[in-house]
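1. After the sequence you'll find the predicted model.
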Amino acid sequence: MNKIRLLLLGLGMILNFMLTILSYIIPKDRNLILLGSYNTFAGNTKTFYLYCLSKARNNFKIYWITHNKCIYRLLVNRQLPVLYIYTLDAFIHILRARYLLLTHGPIDISYFYFLFGKFNMIQTWHGIALKDITPTAEQKAPLYMRIINYFSRLTDRNYKLILATSEDTRRIFISAFNNENVKIIGYPRNDVFYNKELLYEDYREKLHLYNFSKVILYCPTFRENPTLQPFSNDFLNVLNEYLKFNNFIMLIKRHPYDNFLLNSINESHLSNIIDISAIVIDVQDLLPHVDILITDYSSILFDFPLLDRPIIFYPYDINLYTEKCRSLNYDYFEELPGPFATNEKELLEVIKRIDIIGMDDSYREKYKTFKRKFHYYDDGKACERLLDYLLKEL
C-alpha cells in the first residue's frame with residue numbers, strides 16, 4: 001500500500017472517531033437526510049434521493065454527500081443539494097442528520113469503512129446476493145482489508161434498516177449482516193423501470209440508441225482477482241460483423257472497480273461494439289433502453305427480469321471465479337433461468353437464437369418463477385414504501 005493511501009486511511013479513521021464521540025453530544029435535526037454512494041452517483045440511494053426531491057409531502061432536507069469532486073460539481077451545476085465530504089459543513093451535516101442512507105458501507109456517507117456512535121444508518125445495499133457476502137467471502141482479500149472488514153461487520157449490526165426484495169434475500173441479509181432489521185421493501189433503483197421521471201440521464205438520446213434495431217448490453221461483475229478475458233479479438237471481429245449486418249449494437253459496461261477484465265480490448269475498429277463505461281455513471285438509467293442483457297454473476301441479472309426482457313448468462317470462467325474470487329449462494333445452472341453460454345462459440349449461437357428461445361413456453365415459465373422468487377413487489381413503488389417507513393416506523 002502506498003504512503004498516500006495509508007495517510008488517507010489514517011485521516012479517515014481519525015475523522016470517523018471524532019464523529020463517533022461527537023454523535024453523543026450534537027443533537028439531530030429531525031428533518032435532515034444524507035444519502036451517498038461513495039465515489040459515484042448511482043444505486044438505490046440515488047433514485048431515492050431524486051424521488052424525495054420530487055415530493056412535496058415531506059419536510060425533509062435532502063442532501064447527497066460525495067467524496068468525488070466531479071460528482072459534486074455535476075450536482076451543483078444541476079442545482080441539486082449536495083455536500084463535498086471534505087468540508088466542515090459536510091462534517092456537521094453528518095453529525096446532525098436524522099438518517100444516513102448508504103449503498104455499500106459507512107464510507108458512502110463518512111470518511112472511513114466503519115462508523116460507530118449515535119447514528120441512524122439505513123443500508124439500501126447494491127444488489128441481490130448471488131455471490132457470497134458473508135465474512136468468509138473476504139478471506140481472499142489483502143490483510144489490511146480483512147482487518148477493516150472485521151470492524152465493518154460490527155457496524156453492520158447497528159443498521160436501523162436493511163432493504164430486501166424478497167423473503168429469500170431477506171434470509172441471506174439477516175445472516176450476512178448479523179442483523180434482524182431487514183425489511184422487504186424492494187430496491188428504489190428499480191423504480192426507474194416504471195417511472196421515467198426518476199431517470200437522471202437519457203442514455204437513449206445520449207448514445208443515439210434509436211439508430212439501432214436492438215441494443216445488447218454486456219455487464220460483468222467485479223473480480224477481486226484476475227481470471228480470464230471474456231472475449232478474444234477474433235471473436236469480437238466476428239460478433240461485430242453479425243451486429244453490423246443486423247443493425248444491432250453491443251454496449252460494454254465494466255464494473256467500476258474491475259481492473260482486470262477487458263483491458264486488452266481495442267474497440268476502435270469495432271463499429272458496433274462500444275465500451276460505454278466512462279460515459280454511463282449509473283447502469284440503471286441505461287437498462288430501460290436495453291433489449292438483451294449479457295452478464296455473468298452480477299446482481300444486475302436479478303434487476304433486469306423486471307423489464308421482462310431476455311438475459312444471456314455467460315459464466316465463461318465459473319470454475320476460476322469460484323476458486324479465486326467468490327463462492328455463490330445458489331447453484332448457478334439450476335437456479336437461473338438461462339440460456340447459458342460457457343464459451344464464445346456458444347455465446348454467438350445464443351445471441352442468434354435468443355428470440356426463438358424467448359418464445360418457448362417452458363422457458364417463459366421458468367423466467368417468471370425466477371422473477372417471482374427474488375421480487376415480492378413488481379410495482380415500481382419501492383421509493384414510496386421506503387419513505388413511508390422512514391416517516392412512520394422509524
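-> Happy to help now that I have it. Residues are numbered from 1 along each chain as shown.
2. Please make it C-alpha for all contacts and neighbour counts, starting now.
-> Noted.
3. Kindly list the longest helix within this protein.
-> helix 3-22 (DSSP state H).
4. Distance from stretch 289-303 to the middle of the chain?
-> 12 Å (C-alpha atoms, centre = their mean, to the nearest Å).
5. Can you give me the buried ones in that stretch?
-> For stretch 289-303, burial by neighbour count (16 or more other C-alpha atoms under 10 Å) applies to 289-303.
6. now do stretch 194-204
-> 198-200, 203-204.
7. Among those residues, which one sits closest to residue 160?
-> residue 198 (25.7 Å; C-alpha to C-alpha).
8. Isn't that closest one up against residue 44?
-> No: Residue 198 lies out of contact with residue 44 (C-alpha atoms under 8 Å); the separation is 11.5 Å.
9. tell me the phi and psi of residue 164?
-> Dihedral angles of residue 164 (phi, psi; degrees, to the nearest 10) stand at phi -130, psi 160.
10. That one - nearest residue in space that isn't next to it in sequence?
-> residue 184 (4.6 Å; C-alpha to C-alpha, 6 or more residues apart in numbering).
11. Against residue 246, how distant is residue 61?
-> Residue 61 is 50 Å from residue 246, where distance means C-alpha to C-alpha, to the nearest Å.
12. Under the pLDDT cut-off, which ranges of the chain? List them.
-> 1-2, 56-58, 131-147, 151, 257-268, 394 (pLDDT under 70).
13. mind listing the helices for the stretch 201-350 of the chain?
-> 203-206, 233-246, 300-303, 318-324, 332-335, 344-358 (DSSP state H, counting those that start in this stretch).
14. now what about the longest one, what contacts it?
-> Identification of contacts with helix 344-358 by C-alpha atoms under 8 Å, 6 or more residues apart in numbering yields 231, 235, 239, 310, 312, 314, 339-341, 363-364.
15. would you turn the residues you listed into JSON lines with distance to residue 87 and neighbour count?
-> Formatted as JSON lines, the contacts of helix 344-358 follow (distance: C-alpha to C-alpha, whole Å; neighbours: other C-alpha atoms under 10 Å):
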{"residue": "231", "distance to residue 87": "44", "neighbour count": "15"}
{"residue": "235", "distance to residue 87": "49", "neighbour count": "13"}
{"residue": "239", "distance to residue 87": "49", "neighbour count": "20"}
{"residue": "310", "distance to residue 87": "46", "neighbour count": "22"}
{"residue": "312", "distance to residue 87": "45", "neighbour count": "21"}
{"residue": "314", "distance to residue 87": "44", "neighbour count": "23"}
{"residue": "339", "distance to residue 87": "50", "neighbour count": "19"}
{"residue": "340", "distance to residue 87": "49", "neighbour count": "20"}
{"residue": "341", "distance to residue 87": "49", "neighbour count": "20"}
{"residue": "363", "distance to residue 87": "54", "neighbour count": "15"}
{"residue": "364", "distance to residue 87": "52", "neighbour count": "16"}
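16. and those residues as a markdown table, adding distance to residue 156?
-> Compiled in a markdown table, the contacts of helix 344-358 are given as follows (distance: C-alpha to C-alpha, whole Å):
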| residue | distance to residue 156 |
| --- | --- |
| 231 | 38 |
| 235 | 44 |
| 239 | 44 |
| 310 | 35 |
| 312 | 34 |
| 314 | 32 |
| 339 | 36 |
| 340 | 35 |
| 341 | 37 |
| 363 | 38 |
| 364 | 38 |
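17. Residue 387: which of those is nearest?
-> Of the contacts of helix 344-358, the one sitting nearest to residue 387 (C-alpha to C-alpha) turns out to be residue 310, at 31.7 Å.
18. Pull the contacting residues for the closest residue to the closest one other than its chain neighbours.
-> Leaving aside its chain neighbours, residue 310 sits nearest to residue 292 (5.4 Å; criterion: C-alpha to C-alpha, 6+ apart). Neighbour list for residue 292: 214-217, 309-312 [criterion: C-alpha under 8 Å, 6+ apart].
19. still on that earlier bit, mind checking the helices of the stretch 201-350 of the chain for the one nearest to residue 82?
-> Judging these by C-alpha to C-alpha, what sits closest to residue 82 is helix 203-206, at 23.1 Å.
20. Residues contacting the closest one from elsewhere in the structure, which ones?
-> Under C-alpha under 8 Å, 6+ apart, the answer for helix 203-206 is 209-210, 280, 285-286, 289.
21. Name the pair among those residues with the greatest separation in space.
-> 210 and 280 (16.7 Å).
22. who has more neighbours, these two?
-> residue 280 (17 against 12; other C-alpha atoms under 10 Å).
23. about what we covered before: what about the buried residues of stretch 289-303, which are in strands?
-> 292-295 (DSSP state E).
24. Report the secondary structure state of the closest residue to residue 152 other than its chain neighbours.
-> Using C-alpha to C-alpha, 6+ apart and skipping the chain neighbours, the partner closest in space to residue 152 is residue 114 (4.8 Å). Assigned with DSSP: H, G, I helix; E, B strand; the rest coil, residue 114 falls in the coil class.
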